[in-house]
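[1] got a predicted structure plus its sequence, pasted below:
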Amino acid sequence: KAGVTQTPRYLIKTRGQQVTLSCSPISGHRSVSWYQQTPGQGLQFLFEYFSETQRNKGNFPGRFSGRQFSNSRSEMNVSTLELGDSALYLCASSPWRAGYNEKLFFGSGTQLSVL
Amino acid sequence: DQQVKQNSPSLSVQEGRISILNCDYTNSMFDYFLWYKKYPAEGPTFLISISSIKDKNEDGRFTVFLNKSAKHLSLHIVPSQPGDSAVYFCAASAAGGTSYGKLTFGQGTILTVHP
């Protein structure tokens, strides 16, 4: 079974631009969530999608958005990029929503650099 | 508000000895706890988990202990191997409330195992 696939692997953008990141979950997994990792900040939860609906959202500005398609694939958008958005963006999937007795499977991430 | 804390940024041990990584949490709603291992520029890989109804779970060289009254969990690696060198994150989730559908991560502990 293929793992979680994220594209692109690396991305370089300039301030003010917009970016779209893509995630294909493990086949059969219905939940997709996104995390941001910056040096010294651990992994910060962005949002979670289940059955095409956003079910939970972290403390990020409205510039960060996402969606999930009927095949469970997900995209994340960041508009008006700022230097502080430079980070590793991780997508994770699970058969059901993360909670009791449910672990997440992570992709390799998209490394975004904002210049 | 850091609900999951790993107070040791780094740990260095000798090959063959025990590695003990610690994690504290504050949210009493958390009922499922996980440990992930992460290499640079890669996504986290699931290691082991424990539910709140247990106080110990073993998987090969890895054992996780949970002390609910102290809101503390630890990961023991015995014996430690150089290949265990990585960043270790503890994470927590809940079956309901605002923590449902997401993992809350600690800041991570860099483990270095010397040959």
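    Happy to help now that I have it.
[2] how far away from the center of its chain is whatever helix or strand residue B:75 lives in?
    Secondary structure from DSSP states H and E places residue B:75 in strand B:72-77. The offset between the C-alpha centroid of strand B:72-77 and the centroid of the whole chain comes to 6 Å, using CA atoms, centre = their mean, to the nearest Å.
[3] so how far is residue A:114 from residue A:63?
    Residue A:63 sits 12 Å away from residue A:114 when distances are taken as CB to CB, to the nearest Å. For every residue, glycine as well, the C-beta is placed using N, CA and C.
[4] what parts of chain B come near chain A?
    For chain B, the residues in contact with chain A (CB under 8 Å from any CB of the partner chain) are B:31-32, B:34, B:36, B:41-46, B:49, B:51, B:89, B:91, B:93-96, B:98, B:100-108.
[5] restricted to buried residues, select those residues in ChimeraX.
    Paste this into ChimeraX to select the buried members of these, with burial taken from 16 or more other CB atoms under 10 Å in any protein chain shown:
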select /B:31,32,34,36,43,44,49,89,91,93,94,95,100,101,102,103,104,105,106,107,108
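[6] which residue, other than its chain neighbours, is closest to the residue of chain B found nearest chain A?
    When CB to the nearest CB is the measure, chain B has its nearest residue to chain A at residue B:43, with 3.4 Å between them. With CB to CB, 6 or more residues apart in numbering or on different chains as the measure, residue A:106 is the residue that lies nearest to residue B:43, at 3.4 Å, once sequence neighbours are left out.
[7] tell me the pLDDT of the residue nearest to residue B:62 when sequence neighbours are not counted.
    In space, residue B:62 comes closest to residue B:48 once its chain neighbours are excluded; the distance is 4.9 Å by CB to CB, 6+ apart. Note on residue B:48: pLDDT of 97.
[8] tell me the contacts of the residue positioned nearest the centre of chain A?
    In chain A, the residue lying closest to the centroid (CA atoms, centre = their mean) is residue A:34, at 2.9 Å. Applying CB atoms under 8 Å, 6 or more residues apart in numbering or on different chains to residue A:34 gives the contacts A:23, A:45, A:46, A:47, A:48, A:66, A:74, A:76, A:89, A:90, A:91, A:92.
[9] weed out the non-buried ones from these.
    With burial judged by 16+ other CB under 10 Å, the buried subset of these is A:23, A:45, A:46, A:47, A:48, A:66, A:74, A:76, A:89, A:90, A:91, A:92.
[10] among the residues you listed, which are in reach of chain B?
    Filtering the buried ones among the contacts of residue A:34 for neighbours of chain B using CB under 8 Å from any CB leaves A:45, A:48, A:90, A:92.
[11] out of those, list just those in strands.
    Cross-referencing these against strands under DSSP state E gives A:45, A:48, A:90, A:92.
[12] now the two most distant members of the residues you listed.
    Checked with CB to CB, these reach their widest spread between A:48 and A:90, with 12.7 Å between them.
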